[in-house]
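S.K.: Pasted the sequence and its predicted model underneath.
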Amino acid sequence: MKKLIYLAGAALVMMASASCEKKADVQNPESKEGMVKTEFSAVSKESKEKTAIDGSDILWSTGDQVKIYAGTSTEGNPFTLTDGAGTTSAIFEGWIAETATAPYYAVYPSSAAQGIDGSTIKYSIPANQAYVENSFATSTVPMVAYSEADKSLAFKNQTAFIKLQLTGAGTIKTMEIASAANNICGTFSVSKTDPTAASTAVTGAKKITVTNIEGTELDASEAINVIIALAPANFAANDLTLSMTATDGKAFSTKLGGFTVGRSQGKAVAINVEFVTQTTGEAETKDGTMVKWVQLWENGPKWAEYNVGATSVGEYGGYYAWGGSQSKVDDHNTGSDPLTGDSDTATKLWGSNWRMPSEAELDALLDNCTVAWKSASESGYNVAGKLYRGNGDYSGNSVFFPAAGYCSGGEVYYAGSDGFYWTSIPNGINAYTLDFTSSYQSVGSYYSRDGGYSVRAVLK
């Protein structure tokens, strides 16, 4: 499907690429038991009285497919375009039950249809949307149609649009947009009989990732246009966060909001992108939690804000034997190879974005940072520990290591006075650890692998 939209007063122009769900040619059977081959007509041009878009045209394309539901049935059937490619009116052909009667309901594209639930019909807005200059990608924008009596379907768009007009310098690697308060993608439901009504999130999500954009170069004078389809919403000031990384490792982030975009409406936002060295950020764990990371010196590791097993800085977290879990210790690695995969506690529990630090990285933590012991009342986290602060350009960044003590025989010892943190590096029957008190700190291989110590993850 191809779509051309422009917003009066905002000079917003959007053109969608051909949206095709093409399948290998097959021989259509002449008959199916209990089914009859049927044609539906489909119109994709919306009434101007029901949209803020002026002069929008939706053009059907060869290979387009819709899913059609009949009467009270909750089983939809796919129908494929047979005539009308390149126009706003088309014919779709498919099989439907011989006993099927009006009313009829439909979803475009067929892949977006998520079923019928009582008085509503469900559809999906994708969380991953491929970048297409001045456009949105194949099957990105769902539409819903209703016909009370005949086989003529008038499709209504279900998304809003944000058009990011990006200028600047650098080559894009990744891009995502996230809302703090609104579900902008996922599964939604809308009235079966009124596709222009407000939709409700069923299993909504708050982040959309733009794919197929790696290698796109920014220009200081000519904007590239990234169009993102998302659920209609009232976005308060700073509700949306646009995050980007460059191929050289630098990053850019900005806040958007203070506007409302309704169904079939668009908002153009001009943004000058200035990539900078990224010293803080967030990364996802295997359960979907976002954990802040902090870098304390140039080219240094990116330390997690809190311990594995904790949910905030002011918690001790878990106590782990060296080798991946609280109940298992790796006694076989007697060389110098670091832990990897699920033998690495951070990777096992937090997922592939994370790993345990090396001995050299914990040594560097002591060498490159200003270190201060903080009592429970001084730390601001209600637990005692050591605060490691970067120097120079990194003096605004710090990480706090709670003095969590250690666990042995089911009992915790020295909590509040000592900290013991595993590295991923073995040394015979022991493994290297960071050991500290209020007046002492050292990295060495003093402790047996079966001790239950803390783990502070770093980003891979």
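M.R.: That came through, no problem.
S.K.: Need the pLDDT of Gly323.
M.R.: At Gly323, the predicted lDDT confidence score is 81.
S.K.: swap that for Ser398, sorry
M.R.: 97.
S.K.: Excluding chain neighbours, what is closest to it?
M.R.: Arg389 (4.2 Å; CB to CB, 6 or more residues apart in numbering). C-beta here means a position set from N, CA and C on the backbone, and glycine is covered the same way.
S.K.: quick one: that neighbour from Ala360, how far?
M.R.: Distance, Arg389 to Ala360, using CB to CB, to the nearest Å: 20 Å.
S.K.: Counting neighbours, go ahead and name the busier of these two.
M.R.: Arg389 (16 against 13; other CB atoms under 10 Å).
S.K.: isn't that one right next to Val294, touching?
M.R.: No: look at Arg389 against Val294 with CB atoms under 8 Å: they stay out of range, at 10.0 Å.
S.K.: State the number of residues packed around Gly258.
M.R.: Here the count is done by other CB under 10 Å, and Gly258 has 12 residues near it.
S.K.: how about the nearest residue to it, chain neighbours excluded?
M.R.: Nearest non-adjacent residue to Gly258, counting by CB to CB, 6+ apart: Ala237, 4.2 Å away.
S.K.: so the one you found, which of the three states?
M.R.: Classification of Ala237 using DSSP: H, G, I helix; E, B strand; the rest coil returns coil.
S.K.: That one reaches Gly257, doesn't it?
M.R.: Yes: the pair Ala237 / Gly257 is scored as a contact, 4.8 Å apart, by CB under 8 Å.
S.K.: Looking at these two, which has the bigger crowd around it?
M.R.: Ranked by neighbour count (other CB under 10 Å), Ala237 and Gly257 place Gly257 first, with 19 against 10.
S.K.: so what sits against both of Arg389 and Val294?
M.R.: Counting by CB atoms under 8 Å, 6 or more residues apart in numbering, the shared contacts of Arg389 and Val294 are 397-398.
S.K.: Run the chain-centre distance for stretch 112-130.
M.R.: Chain-centre distance of stretch 112-130: 18 Å, with CA atoms, centre = their mean, to the nearest Å.
S.K.: Revised request: answer the last question for stretch 449-460.
M.R.: In terms of CA atoms, centre = their mean, the centre of stretch 449-460 is set 27 Å apart from its chain centre.
S.K.: now do stretch 221-237
M.R.: Centre-to-centre, stretch 221-237 and its host chain are 16 Å apart (CA atoms, centre = their mean).
S.K.: Can you give me the buried ones in it?
M.R.: Residues 223-233, 235 are the ones in stretch 221-237 that count as buried (16 or more other CB atoms under 10 Å).
S.K.: State the distance from Gly300 to Arg389.
M.R.: Here the criterion is CB to CB. By it, Gly300 lies 13 Å from Arg389.
S.K.: so what's Ala283 up against?
M.R.: By CB under 8 Å, 6+ apart, the contact set of Ala283 is 290-291, 293, 302, 353-354, 459.
S.K.: Looking at those, which are in helices?
M.R.: Using DSSP state H, the subset of these located in helices is empty.
S.K.: which among those residues end up buried?
M.R.: 291, 293, 302, 353-354, 459.
S.K.: Closest one to Tyr453 out of these, please.
M.R.: Of all the buried ones among the contacts of Ala283, Tyr453 sits closest to Trp354, with 16.9 Å by CB to CB.
S.K.: Identify the bridge partners of the residue nearest to Ser398.
M.R.: In this entry, Arg389 is beta-bridged to Thr370, Ser398, by DSSP bridges.
S.K.: Give me the pLDDT value at it.
M.R.: 97.
S.K.: can you map out the helices along the stretch 301-450 of the chain?
M.R.: 345-350, 359-368, 376-379 (DSSP state H, counting those that start in this stretch).
S.K.: for the stretch 301-450 of the chain, what spans make up the strands?
M.R.: Using DSSP state E, counting those that start in this stretch, the strands found in the stretch 301-450 of the chain span residues 302-304, 354-355, 370-374, 385-389, 398-402, 406-408, 411-413, 419-427, 430-436, 441-448.
S.K.: Those strands: which one's closest to Ala145?
M.R.: For the strands of the stretch 301-450 of the chain, proximity to Ala145 was assessed by CB to CB; strand 354-355 is nearest, at 45.8 Å.
S.K.: Which elements pack onto that closest one?
M.R.: helix 345-350, strand 458-459 (3 or more CB pairs under 8 Å, 6 or more residues apart in numbering; DSSP states H and E).
S.K.: what's near enough to touch Gly84?
M.R.: Gly84 makes contacts with 42, 60, 90-91, as judged by CB under 8 Å, 6+ apart.
S.K.: And the residues you listed, which is closest to Val144?
M.R.: Among the contacts of Gly84, Ala42 lies closest to Val144 (CB to CB), at 11.8 Å.
S.K.: sorry, back to before: which pair of the contacts of Ala283 spans the longest distance?
M.R.: Farthest apart among the contacts of Ala283 - using CB to CB - are Met290 and Lys302, which lie 13.7 Å from each other.
S.K.: so after the helix or strand bottoming out on mean pLDDT in the chain, what's the next helix or strand?
M.R.: Here the helix or strand of the chain ranked lowest by mean pLDDT, DSSP states H and E is strand 12-16, holding a mean of 34. Later in the chain than strand 12-16, the nearest helix or strand by DSSP states H and E is strand 35-43.
S.K.: Determine how far that next one lies from the middle of the whole chain.
M.R.: Offset of strand 35-43 from its chain centre (CA atoms, centre = their mean): 37 Å.
S.K.: Name the residues that touch it?
M.R.: Strand 35-43 is contacted from outside by 28, 60, 66, 68, 79, 82, 84, 88-98, 104, 106, 145, 151-155, using CB under 8 Å, 6+ apart.
S.K.: and it, which residues are buried?
M.R.: 38, 40-43.
S.K.: Return the closest of the residues you listed with respect to Leu339.
M.R.: Distances from Leu339 to the buried residues of strand 35-43, taken by CB to CB, are shortest for Ala42, at 57.4 Å.
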